[in-house]
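>>> Let's see this in three dimensions:
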Amino acid sequence: MAESVAKVLRAGGNAAIGAHGEVPGMGDHFELQMYASAMTPAEALYMATMGGARFTGLDRFVGSLERGKLADLIVLNADPLQDIRNSLKMQYVMKDGILYDAETLDEIWPQAIAFAPVPWTRTEDLGPRLRPLEYWDEIQTSK
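You can find the predicted model right below:
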């Protein structure tokens, strides 16, 4: 599939990513990595940004960082052009003009506001059948 999409892009066609929400937040990164197996990281990033904007007819308004366009953005700790998996190495996220710490979701700008506790981080809120995320990591590493 990735090879076919790469051919379409290189022939002047359009393509976009779309993970359908099965793995919210991560699915797009996984799909980006899959497509980068058959194209350059720059081509895959273009498809994930401008490709999606063109596909929806919104490329005049979103899809790239240009004066007059709307833009949510991610600040990375490593260059995804060197390794597409670096798209997962996020430091900050800006959405609707608010800057967040990518790891904690604490608001950083325009004012510092800590992100409220969420149920999946509080063991006492999980109930008897549920386990915190770290529980599953411990099981995997103890085998």
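>>> drop to CA atoms for contacts and neighbour counts, all remaining ones
Noted.
>>> can you pull out the helices in this protein?
Under the criterion DSSP state H, the chain contains helices at 2-10, 27-36, 41-46, 52-56, 133-142.
>>> ok, the nearest residue to D83 once chain neighbours are set aside - how many residues close by?
Nearest non-adjacent residue to D83, counting by Cα to Cα, 6 or more residues apart in numbering: P41, 7.2 Å away. Per other Cα atoms under 10 Å, the neighbour tally for P41 reads 21.
>>> What mean pLDDT does the longest strand along the chain get?
With DSSP state E setting the assignment, residue counts place strand 90-95 as the longest strand in the chain. For strand 90-95, mean pLDDT is 95.
>>> Domain-wise, how is the protein divided?
1-65, 72-143 (automatic domain parsing).
>>> any idea which of those domains scores lowest on pLDDT?
Lowest mean pLDDT of the domains of the chain: domain 72-143, a mean of 81.
>>> Run through the residues that contact the residue nearest to W109 when sequence neighbours are not counted.
Counting by Cα to Cα, 6+ apart, L99 is the residue found nearest to W109 once chain neighbours are left out, at 5.0 Å. Residues near L99 by Cα atoms under 8 Å, 6 or more residues apart in numbering: Y92, V93, E107, I108, W109, P110.
>>> Thanks a lot, catch you later.
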